[in-house]
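Trainee: have a look; sequence and predicted model below, questions after that.
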Amino acid sequence: MSNHAEHTEQGHQAHGAGHDNHNSTKLIWKTFFILLGITIFELVIPFTSINPDVQRYIFIILTIVKAFYIVAYFMHLKFEAKFFRYAMILPFAFIVYLIAISLGEGVAIKHLTDFFPKF
């Protein structure tokens, strides 16, 4: 009798593992197609009549969205503990902030060099 109960329990565990594996495969393909769609949209942007400055901002935003999906699903950060997620996200936000400051400084320097005559 215990052999039957053991066999049934193993069957339920195997069924649950297969079901979980199916969901994770489905999630991976869903993420893949989202990333593929964003990438195709990024490739189409330069061929549109949108202002180049706006194109640049759209491209930056889409790249950040792609980075989120890669880190969240393929690197499994979405399934980690909340503290660990914040420990990863906060430095990333700080780096993005520093990049934005650097780009702003670069634009300001370019305007200054355009304003003053060259010697």
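Mentor: Yep, it's here. Note that the coordinates shown come from a computational prediction; the quantities given were computed from them, not determined experimentally.

Trainee: so which strand or helix has the closest residue to residue 45 other than its chain neighbours?
Mentor: With sequence-adjacent residues excluded and distances taken as CB to CB, 6 or more residues apart in numbering, residue 45 is closest to residue 55, at 5.2 Å. C-betas here are computed from N, CA, C, even on glycine. For residue 55, the element it lies in under DSSP states H and E is helix 52-69.

Trainee: what ranges does the chain have for its helices?
Mentor: In the chain, the helices defined using DSSP state H lie at 2-44, 52-69, 82-115.

Trainee: find the centremost residue of the chain, please.
Mentor: The residue lying closest to the centre of the chain (CA atoms, centre = their mean) is residue 68, at 2.0 Å.

Trainee: so how far is residue 52 from that residue?
Mentor: 25 Å (CB to CB, to the nearest Å).

Trainee: same check, this time on residue 99
Mentor: The gap separating residue 99 from residue 52 is 19 Å, by CB to CB.

Trainee: who has more neighbours, the two?
Mentor: Neighbour totals were compared for residue 99 and residue 52, and residue 99 leads with 11 against 8 (other CB atoms under 10 Å).

Trainee: so of the helices of the chain, which one's packed in deepest?
Mentor: helix 52-69 (a mean of 13; mean count of other CB atoms under 10 Å).

Trainee: so this protein: which segments form each domain?
Mentor: Using automatic domain parsing, the domain ranges for the chain come out as 1-79, 81-119.
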